[in-house]
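# Here is a sequence together with a model predicted from it:
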Amino acid sequence: MWNVVAPQPQPDLAKWASPPLEKLKCNVNVAFMNNKVGISICLSDHHENFIKAKTTRHAPVLFVKEGELYGLLQAIKWTSKLGLNNVIFELDAKLVVDSFNKP
């Protein structure tokens, strides 16, 4: 039996924002379970319209930072294969985002 609960409000959490005009946003989420890494990738436009999505997985399981980086790599490769170069990538892995944006 499944239990569904509403998350508790957290005032300091960032909210999803649509990308600027002429840009796409690529949300990347990574999950770790059963000795596998699951990756979900979703593209949206500046009107918040769904464009395209992809899921994939990797085995064996990776460490969290490596798994999150692998998810970002898969998203970059996928959007490049689609011929997109106007993409903003968004992840919830602060450690990866901070590492990627270091000067």
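Done, it's in. Residues are numbered from 1 along each chain as shown.
# rest of the way, CA atoms for contacts and neighbours
Will do.
# Show me where this protein dips below the pLDDT cut-off.
1-14 (pLDDT under 70).
# Strands of that one, start to end?
Along the chain, the segments classed as strands by DSSP state E run 24-33, 36-44, 50-58, 87-91.
# so what strands line up beside the shortest one?
What that stands for is strand 87-91. Counting by DSSP bridges, the strands paired with strand 87-91 are strand 24-33 (parallel).
# Which residues belonging to the strand it pairs with are considered buried?
Using 16 or more other Cα atoms under 10 Å as the test for burial, strand 24-33 gives 24-30, 32.
# so which pair among the residues you listed is furthest apart in space?
By the measure Cα to Cα, Leu24 and Phe32 form the most distant pair in those, at 26.4 Å.
# give me every residue that touches the closest residue to Ile39 other than its chain neighbours.
In space, and not counting its chain neighbours, Ile39 is closest to Val30: 4.6 Å by Cα to Cα, 6 or more residues apart in numbering. For Val30, the contact set (Cα atoms under 8 Å, 6 or more residues apart in numbering) comprises 37-40, 67-68, 71.
# Give the burial count for Asn101, as a bare number.
7 (other Cα atoms under 10 Å).
# and stretch 35-47, how far out from the chain's middle?
The chain centroid and the centroid of stretch 35-47 are separated by 5 Å under Cα atoms, centre = their mean, to the nearest Å.
# Restrict it to CA atoms and write it as CSV.
Only the C-alpha atoms of stretch 35-47 are listed here, as CSV (Å, rounded to 0.1, in the frame of the first residue of the first chain):
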residue,chain,number,x,y,z
ASN,A,35,22.5,-0.8,-8.0
LYS,A,36,21.5,1.5,-10.9
VAL,A,37,21.5,5.2,-11.7
GLY,A,38,18.2,6.4,-13.3
ILE,A,39,18.3,9.6,-15.3
SER,A,40,15.4,11.7,-16.4
ILE,A,41,15.8,14.7,-18.8
CYS,A,42,13.0,17.1,-19.7
LEU,A,43,13.0,20.0,-22.1
SER,A,44,10.7,23.0,-21.8
ASP,A,45,10.4,26.3,-23.6
HIS,A,46,9.9,29.9,-22.3
HIS,A,47,6.1,29.4,-22.2
